[in-house]
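Novice: A predicted structure for the sequence below; I have some questions about it.
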Amino acid sequence: MTTAHAHGPRMNLWKHAPDVYKGMAAFEAAASKGLDPVLAELVKIRASQLNKCAFCLDMHFSDARGLGVSQLRLDLLDAWEEAPGLYTDKEQAALALTEAITRLDGGTPQGHYVPDEVYERAAEHFDEAELAHLIAQIVSINAWNRFQVATRAVPESLKGDGPR
């Protein structure tokens, strides 16, 4: 049974498709190998911001705080290009790639590609294996976002007593 309530979950997809969850979890684990955990969380948060996934934002803000990421870096992540010195060159390259892969509009009428300059910027900071894992990490969080948004997953922080 599904629910159409605008502010509640529609379904527990993982209950009805546990094999999909297992596959996604395996993909996520493989994608994150060799990536700096802080950088991976920044990427997950940025993609989740673009995709408006409250469930994933709640989870990854918490995970990032657990890794010691400052509140200022989290607060300004949505405007990372306007926060000079707050993110490393490597993080900025990863965030630019995250935005390009998540949006896939290319900024031109032809669209649907990651611009060469964005890819090349990332390639300056990541070796090929790291870059492959970074791309996989970005694809993974986009998939998680889409599952959670489609099913209207309720953020853990909002379960129980309501907003805090």
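Specialist: Great, that's in hand. In this text, all values refer to a predicted model and were calculated from it rather than measured experimentally. Residues are numbered from 1 along each chain as shown.
Novice: any idea what sits nearest residue 155, other than its immediate chain neighbours?
Specialist: What sits nearest to residue 155 in space, not counting adjacent residues and going by CB to CB, 6 or more residues apart in numbering, is residue 58, at 3.5 Å. Placement of C-beta: from N, CA and C, glycine included.
Novice: in which helix or strand would I find that neighbour?
Specialist: Element membership of residue 58, judged by DSSP states H and E, is helix 54-66.
Novice: got the buried residues for that helix?
Specialist: 54, 55, 56, 57, 58, 59, 60, 61, 63, 64 (16 or more other CB atoms under 10 Å).
Novice: ok, the residue sitting nearest the centre point of the chain to residue 145 distance?
Specialist: Among the residues of the chain, the smallest C-alpha distance to the mean C-alpha position (CA atoms, centre = their mean) belongs to residue 44, namely 2.4 Å. Distance from residue 44 to residue 145, counting by CB to CB, to the nearest Å: 9 Å.
Novice: who touches both of those two?
Specialist: Overlap of the contact sets of residue 44 and residue 145 (by CB atoms under 8 Å, 6 or more residues apart in numbering) consists of residue 56.
Novice: quick revisit: distance to residue 88 and pLDDT for the buried residues of helix 54-66 - can I get that in a markdown table?
Specialist: What follows is the buried residues of helix 54-66, written out as a markdown table (distance: CB to CB, whole Å; pLDDT from 0 to 100):
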| residue | distance to residue 88 | pLDDT |
| --- | --- | --- |
| 54 | 28 | 93 |
| 55 | 28 | 93 |
| 56 | 23 | 95 |
| 57 | 22 | 97 |
| 58 | 25 | 95 |
| 59 | 23 | 95 |
| 60 | 19 | 97 |
| 61 | 19 | 97 |
| 63 | 19 | 97 |
| 64 | 15 | 98 |
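Novice: okay, these in TSV with distance to residue 99 next?
Specialist: Written out in TSV, the entries for these read as follows (distance: CB to CB, whole Å):
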residue	distance to residue 99
54	19
55	20
56	16
57	16
58	21
59	20
60	16
61	18
63	20
64	18
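Novice: of these, closest to residue 38?
Specialist: residue 64 (7.1 Å; CB to CB).
Novice: surely the closest one and residue 39 touch.
Specialist: No: Residue 64 is beyond contact range of residue 39, at 10.4 Å (criterion: CB atoms under 8 Å).
Novice: follow-up on the earlier one: list the buried residues for whichever helix or strand comes after the helix holding residue 58?
Specialist: Once the chain leaves helix 54-66, the next helix or strand it forms, by DSSP H and E, is helix 71-75. Within helix 71-75, the residues scored as buried using 16+ other CB under 10 Å are 73, 74.
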